[in-house]
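Asker: Following is a predicted model, sequence given first.
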Amino acid sequence: MGCDGRDFAISNLAGGIVKSGTINSVNDRISVADLAAGTYILSVGNSSFKFIKR
């Protein structure tokens, strides 16, 4: 079962969206190489995940 066409957004703790796009399969990867070090929230569908970029 995949997540074809599911939108994602990465936001900083201030609530600003710093990256967004569409995930086309469960095997897709989202590069965060261009983000500054800090804490972010990844939102996909109805789920949110907090992560730290070092």
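Answerer: Thanks, I have it.
Asker: Quick check, residue 18 in contact with residue 39.
Answerer: No - the criterion here is Cβ atoms under 8 Å, and residue 18 misses it with residue 39 at 11.6 Å. In this view, the C-beta of every residue, glycine as well, is placed from N, C-alpha and C.
Asker: Comparing these two, which shows the higher neighbour count?
Answerer: residue 18 (15 against 10; other Cβ atoms under 10 Å).
Asker: next helix or strand past the helix or strand harbouring the more buried one?
Answerer: Secondary structure here is read from DSSP states H and E; on that basis residue 18 sits in strand 17-23. Tracing the chain past strand 17-23, the next element assigned as helix or strand by DSSP H and E is strand 38-44.
Asker: Could you tell me the angle between that following strand and strand 17-23?
Answerer: Between the axis of strand 38-44 and that of strand 17-23 there is an angle of 30 degrees, by axes from the mean of the first three to the mean of the last three Cα atoms, to 10 degrees.
Asker: Please identify the pairing partners of strand 38-44 and their relative orientation?
Answerer: Next to strand 38-44 in the sheet, as set by DSSP bridges, lie strand 6-12 (antiparallel), strand 47-53 (antiparallel).
Asker: Who are the contact partners of residue 17?
Answerer: 9-11 (Cβ atoms under 8 Å, 6 or more residues apart in numbering).
Asker: Of those residues, which is the nearest to residue 24?
Answerer: Nearest to residue 24 among the contacts of residue 17 is residue 9, at 15.7 Å by Cβ to Cβ.
Asker: picking that back up, neighbour-wise, give me the winner out of the contacts of residue 17.
Answerer: residue 10 (21 neighbours).
Asker: Any idea what that residue is bridged to?
Answerer: According to DSSP bridges, residue 19, residue 42 are recorded as the beta-bridge partners of residue 10.
Asker: One more: residue 47?
Answerer: What pairs with residue 47, by the bridge criterion (DSSP bridges), is residue 44.
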